[in-house]
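*Asks:* give me coordinates for this.
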Amino acid sequence: MNAFFLAISYLRFHWARSLVLIVVTALILSVPIISQVLLNGSQTALTERAEATPLVLGSRGSQLDLAMNALYFSDDRANPVTMADADAIWDSGLGLPIPLNTAFETNGARIIGTSVEYFEFRGLNVAQGRQIALLGEAVLGASVAERLGLVPGDTVVSAPQNLFDLDGVYPLELNIVGVLAPTGTPDDEAVFVDIMTSWVIAGIGHGHDGVLAEGATSGDIVANAAIVEFNRITDDNIDSFHFHGDPADYPVSAVVLVPNDARAATMLRGRYLDTDNPVQIIVPRDVIGELVGRIFRIKSLLDAVTLIVGGAALAAVGLAIFLSYRLRAREMQTAFKIGARKSMILQLIGAETILILCIAGVIAIGLTFAVQTNGSTIVAWLLAT
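*Replies:* Down below sits the predicted model:
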C-alpha cells in the first residue's frame, strides 16, 4: 500500500507526463478492438440490409455504385432511369416497384424522394408527428432530427447535389411533419419526401404566382412574364403546382423491386440480361456479399499491420517508461541511501506501471463501449458518406 501511495503521489505531481503515457497506452489498447467492432458492425449492416432488399433496378453500369446508392444513399450515383422503367415492372404484375430519387440533400442529409410503400417495406414507423401526405412535406430520420434539433412544425431547405448542379434546381423549403423512430440503419440519416416533391426540387414541377386573377375561376388562367416560381409550398399555392413533360420521362435514381415470389424474381432478372439494355437489375445480396468478401480479405492484412504497429507502439511506451526511470536514477539512489531496499524501489516502479496500465485500460474499455453502443449510428454514417 505504501508503494501505491507513493506511486499515486508521483503520478499526480508529474501529471502532464503521466497523462501522455496514459492516453497513448489507452489508444494502443483500444484502437485494435474498436476497429474490430466497426468492421463487424459494417459487415452486419451491409449484409442485413442487402439481404432484406430482393432486387434493385437502375441504369446499367457499376453494380456496386447502384447498390450503395439505393441501399445506403451514398454519394456514388449512377445515371438515373425513368418512371417508365418503374411502370414497366408494375405493368408486368411480377412485383412491386418502389422508386427512389436521391439527387438532393439538405444540411448534410440525403433527401429521399419515394412512395409510401418504402416505409412499409423497411418497417419505418413515425415516432413524432405524422406521415407525409402532401406536396412539400418531409419526415426526418431519427439521427438527422437529433443532429439538427428539428421537430414536426420546423422546416428545412433543399440543396443541389453540388454547387455546379444548379440548372433547373430551386431550393425548396420542406415542411417537417414527422420524425421516424430510430432503426440503426441509413434511414436514420435521411430526409424522406414524396417523389413528386423531389421533382419539384429538380424544377420539373413548380407553382406560379398570378396564375389566377382576383375573382377568377380555375378555368380563367392569367399568366404573364412576371410569373414568380415559388420556393415554398403552402395551403394557398399548392393548387397552382403542376408538372411539365411526360411523367414517364421523370428521373428516378433507382427502383427497389419486391417480387411476388422466387419465380417472379427469376423472370424479372431474365428480362434485363441483355447487355444492350440501358437498364439492369441487380441482386444486392450478391453485390454486397462480394464487397464484404473483399473487405475481409484486406482485413487479414490490416490485422497483421495493426499487430506490428501496436507492438512497436507498446515498445515505444515501454522505452518512454524506461527512460523516465533512468532520469530518476539519482532519486532512486537517494532512496536507497536513506534505507529503502531494492525490492521497495522495484515495488514503487511496479506500482506506477500498474496504475498507468489500469487507468489506460479503463479508458480503453470506455472508448470501446461508447463505440459499440453507438456502432450502428457510426456505421450508418460511414456508409452514407
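*Asks:* what's the helix or strand for residue 177?
*Replies:* According to DSSP states H and E, residue 177 maps onto strand 173-180.
*Asks:* that strand - what's its average pLDDT?
*Replies:* Mean pLDDT, strand 173-180: 94.
*Asks:* and the next helix or strand past it?
*Replies:* Counting by DSSP H and E, what follows strand 173-180 is strand 190-194.
*Asks:* could you list every helix and strand in contact with that following strand?
*Replies:* Under the contact definition 3 or more CB pairs under 8 Å, 6 or more residues apart in numbering; DSSP states H and E, strand 190-194 sits against strand 109-114, strand 137-140, strand 173-180. For every residue, glycine as well, the C-beta is placed using N, CA and C.
*Asks:* could I get those as a markdown table with distance to residue 335 and mean neighbour count?
*Replies:* Listed next are those as a markdown table, based on distance: least, CB to CB, whole Å; neighbours: other CB atoms under 10 Å:
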| stretch | distance to residue 335 | mean neighbour count |
| --- | --- | --- |
| strand 109-114 | 61 | 24 |
| strand 137-140 | 64 | 26 |
| strand 173-180 | 64 | 22 |
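*Asks:* can you check which of these gets nearest to residue 348?
*Replies:* strand 109-114 (55.3 Å; CB to CB).
*Asks:* average pLDDT for that closest one?
*Replies:* pLDDT averaged over strand 109-114 gives 94.
*Asks:* residue 71 touches residue 51, doesn't it?
*Replies:* No - taking contacts as CB atoms under 8 Å, residue 71 lies outside contact range of residue 51: 10.6 Å.
*Asks:* any common contacting residues for the two?
*Replies:* residue 284 (CB atoms under 8 Å, 6 or more residues apart in numbering).
*Asks:* looking at the two, which is more packed in?
*Replies:* Neighbours were counted for residue 71 and for residue 51 using other CB atoms under 10 Å; residue 71 has more, 24 against 12.
*Asks:* how about the helices in the stretch 201-350 of the chain?
*Replies:* Along the stretch 201-350 of the chain, the segments classed as helices by DSSP state H, counting those that start in this stretch run 262-270, 284-327, 329-337, 342-373.
*Asks:* alpha carbons only: can I get the longest strand along the chain in PDB?
*Replies:* Ranked by residue count under DSSP state E, the longest strand found in the chain is strand 95-106. Coordinates of each C-alpha in strand 95-106 appear next as PDB, following Å, rounded to 0.1, in the frame of the first residue of the first chain:
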ATOM      1  CA  GLY A  95     -43.600  -7.400 -58.300                       C
ATOM      2  CA  LEU A  96     -43.900  -4.000 -56.500                       C
ATOM      3  CA  PRO A  97     -41.600  -1.200 -57.700                       C
ATOM      4  CA  ILE A  98     -40.600   1.400 -55.100                       C
ATOM      5  CA  PRO A  99     -38.900   4.400 -56.800                       C
ATOM      6  CA  LEU A 100     -36.100   6.300 -55.200                       C
ATOM      7  CA  ASN A 101     -34.900   9.800 -56.100                       C
ATOM      8  CA  THR A 102     -31.700  10.500 -54.200                       C
ATOM      9  CA  ALA A 103     -30.400  13.500 -56.200                       C
ATOM     10  CA  PHE A 104     -30.600  16.200 -53.500                       C
ATOM     11  CA  GLU A 105     -29.600  16.800 -49.900                       C
ATOM     12  CA  THR A 106     -30.200  19.300 -47.100                       C
END
